[in-house]
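Visitor: what shape does this take:
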Amino acid sequence: MGTTTLTKPESTKQVDNVGRNGGSAVSGGFGRGDSWGARPWRVPARVHRTGMWLALAGIVMLFAPFASALVVRKGLGEGWGAAPIPRVLWLNTMVLLLSSATLELPRRALNRRLVSSFAAWLYAGLYT
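Guide: As a prediction, the model looks like this:
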């Protein structure tokens with residue numbers, strides 16, 4: 001198994017760590033810039049990827065028993081029939097799509113620096 005190496009950032013600016021990791025505005029407390037204060041360490045990208053893979057494995061382990069139960073239940077053949085799709089499901093789907101669009105459109109407007117369009121779509125998204 002490999003080791004994780006943390007590297008210090010290139011900047012040598014003094015970090016004000018009052019309020020972070022035990023920092024205190026009181027003289028003599030942690031966060032004075034001594035060895036107990038917070039340090040701006042950079043974590044390698046592979047650490048983030050490993051965390052995402054572990055989260056994905058946990059999600060798969062959660063849903064695998066559900067899929068297995070579905071296959072077993074369907075195989076029994078006892079009263080397993082198709083259920084009609086409720087009409088409210090279509091309305092719910094349309095509202096969800098409209099809401100997603102009213103979040104995506106302001107994001108695109110903000111990337112293009114169109115502030116008025118961004119505000120209009122954002123307010124529209126708040127009311128859907």
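
Visitor: chain center to the longest helix anywhere in the chain: distance?
Guide: Ranked by residue count, the top helix of the chain under DSSP state H comes out as helix 45-76. Here helix 45-76 shows a centroid-to-chain-centroid distance of 18 Å under the convention Cα atoms, centre = their mean, to the nearest Å.

Visitor: for stretch 112-128, same thing?
Guide: Relative to its parent chain, stretch 112-128 has a centroid offset of 22 Å by Cα atoms, centre = their mean.

Visitor: pLDDT (mean, whole number) over that stretch?
Guide: Confidence over stretch 112-128 (mean pLDDT, whole number) is 84.

Visitor: any weak-confidence spans in this structure?
Guide: Along the chain, segments meeting pLDDT under 70 span 1-2, 6-39, 128.

Visitor: quick one: the helices in this protein?
Guide: Using DSSP H, helices in the chain cover 45-76, 87-111, 115-126.

Visitor: wait, which of those helices is closest to Thr4?
Guide: helix 45-76 (6.0 Å; Cβ to Cβ). Just so you know, the C-beta spots here come from the backbone N, C-alpha and C atoms, and that holds for glycine as well.
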